[in-house]
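Colleague: sequence first, predicted model second:
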Amino acid sequence: MDDNTPDSLTPHSSNSPGLVLISKPLEGHNYGQWSRSMRIALSDKNKLGFIDGTITPLASIDTKFAVWQRCNDMVLSWILQSLNPDIASSVFYCTSASMVWNDLKDRFSQSNDSRIFQIRQEIAEHQ
């Protein structure tokens, strides 16, 4: 589904690249909580599509490319500001919000399996 709708691409006056959307930055171990918080915040700003693939990148010759680029850069800025500085530096040169989102998901969401196993072991030991 292509959701490059005017409303999704409209930067609102209450939105700025310097806006901090969530209070706890991604440290790695808190990926699940961070991801959920960011998804809620981006949904509220009508920009969730920039990370979930429903707002697709436009070709540079498209008349709406500049608007798409400005919104993508704003979402990218919000994500970068919600990261631990070391993590932010590792994705700083990515050119799209979805690229950063997918990179972070690939790196940090996989560690949950080992953590779930560890918690289950601890629960079993205490029963």
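Modeller: Sure, I can see it.
Colleague: so which strand or helix has the residue nearest to the spatial centre of the chain?
Modeller: The centre of the chain sits closest to residue 101, judged by Cα atoms, centre = their mean, with a distance of 4.6 Å. If you go by DSSP states H and E, residue 101 is part of helix 97-108.
Colleague: follow-up on the earlier one: the residue nearest to the centre of the chain: what's it in contact with?
Modeller: With contact set as Cβ atoms under 8 Å, 6 or more residues apart in numbering, residue 101 has these partners: 51, 79. C-beta here means a position set from N, CA and C on the backbone, and glycine is covered the same way.
Colleague: hmm, back to that, so after the helix holding residue 101, what's the next helix or strand?
Modeller: Counting by DSSP H and E, the next helix or strand C-terminal to helix 97-108 is helix 112-125.
Colleague: need the helices for this protein, in chain order.
Modeller: Using DSSP state H, the helices of the chain run over 31-44, 49-52, 65-81, 85-91, 97-108, 112-125.
Colleague: count of neighbours near residue 91?
Modeller: 17 (other Cβ atoms under 10 Å).
Colleague: tally of neighbours for residue 76?
Modeller: Residues lying near residue 76 (other Cβ under 10 Å) number 23.
Colleague: go on, the one 5 residues further on?
Modeller: By other Cβ under 10 Å, 15 other residues sit near residue 81.
Colleague: pretty sure it is touching residue 20, no?
Modeller: Yes - under the criterion of Cβ atoms under 8 Å, residue 81 makes contact with residue 20 at 5.7 Å.
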